[in-house]
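Q: Got a predicted model here, sequence first, then my questions.
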Amino acid sequence: MPTKNNGICKPKFVIIALSFAKNPATVQPTIAIIFFIPGINETLRIRGKGEITMDSKLLAPSALKNKVPESGLIVHVREAYLHCGKAIIRSKLWQSTDNLDDFSVRDMFADHVGRDRSEFKEYYDDAMEKTKIDEGHK
């Protein structure tokens, strides 16, 4: 969502991967984000200074089921680029016939955290169902 001063604010529950960043926005404020839209070959890349906000007025439009995120990331955009789709086309990224049939994100997570795949399946599936309900997708 656009903010004043040419910034973009993304709520915490959208950019959850930041918690795994080597240099979070509080330590190294330069941030870059690339936006992929399934089925669209062109991408948008932005780069700028990241700032964590807890301003409820800025975060209010990102509320989900009347729950406003506790924090969000504002990116003060210094550069914005549209990239042509040549690399996406060459990679066949959006051609589902080339996708791995036996790939499972659930199994990948189980292996990553060292849990039994069958045990993790129930946990993962339950968490995904709860998320869908919480976000109004069911």
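A: Now that the structure is in, tell me what you want to look at.
Q: hey, where'd the helices end up in this protein?
A: Listed in chain order, the helices of the chain (DSSP state H) span 56-59, 86-91, 105-113, 117-134.
Q: The last one versus helix 105-113: what angle between them?
A: The directions of helix 117-134 and helix 105-113 differ by 120 degrees, with axes from the mean of the first three to the mean of the last three C-alpha atoms, to 10 degrees as the criterion.
Q: heads up, I number from 329, so please use that
A: Right, with 329 as the first residue, what we last looked at is helix 445-462.
Q: Show me what helix 445-462 packs onto, helices and strands only.
A: helix 433-441 (3 or more C-beta pairs under 8 Å, 6 or more residues apart in numbering; DSSP states H and E). C-beta coordinates here come from the backbone N, C-alpha and C atoms, glycine included.
Q: Contacts for the helix it packs on next, please.
A: 444-445, 447-449, 452-453 (C-beta atoms under 8 Å, 6 or more residues apart in numbering).
Q: Buried ones in stretch 395-413, by neighbour count?
A: 397, 400-405 (16 or more other C-beta atoms under 10 Å).
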